[in-house]
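Novice: This is the structure alone, sequence omitted:
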């Protein structure tokens, strides 16, 4: 194995470990019964402030339509999203965040915020800012491959 391969393996090893640890810690901070995938969908719908189709959401999160349908079904049962037929194409559905979904998203964010703030404060604003362009470029390159 050459130095570049070793560097790449180390980089991805660190990313995977950070991902696992962050997911575990953030999941513990979520309100009872909420999964990280639920929060992610609610957060996306809140941020875009528009309806999205299940297919659009599946593409955004790089998951199968079946996985997204399962997540949306759970969110609908909890009252966190409204799912309606697409008036232009009856085969499709449209998803919007509900007022209860916004409250659940805000509660989840409030639970996660101290953990996230603590990590950023310990690393330092400048170091976090300097890491963001590299992480963003890595994400974009990985998205290009899908």
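Specialist: That came through fine. Worth saying up front: this structure is predicted, and the values here are computed from it rather than measured.
Novice: got any ranges where this structure has weak pLDDT?
Specialist: Low-confidence segments of the chain, defined by pLDDT under 70: 1, 145-146.
Novice: Now do residue 85 against residue 94, distance only.
Specialist: 8 Å (CB to CB, to the nearest Å). Yep, even glycine has a C-beta here, placed from its N, CA and C like the rest.
Novice: Same check on residue 7?
Specialist: Relative to residue 94, and taking CB to CB, residue 7 is found at 45 Å.
Novice: And residue 102, by the same measure?
Specialist: 17 Å.
Novice: Without its sequence neighbours, what residue ends up closest to the most centrally placed residue in the chain?
Specialist: Centroid check for the chain by CA atoms, centre = their mean gives residue 40 as the closest residue, at 3.6 Å. Distances taken as CB to CB, 6 or more residues apart in numbering put residue 61 closest to residue 40, at 6.6 Å, once the chain neighbours are dropped.
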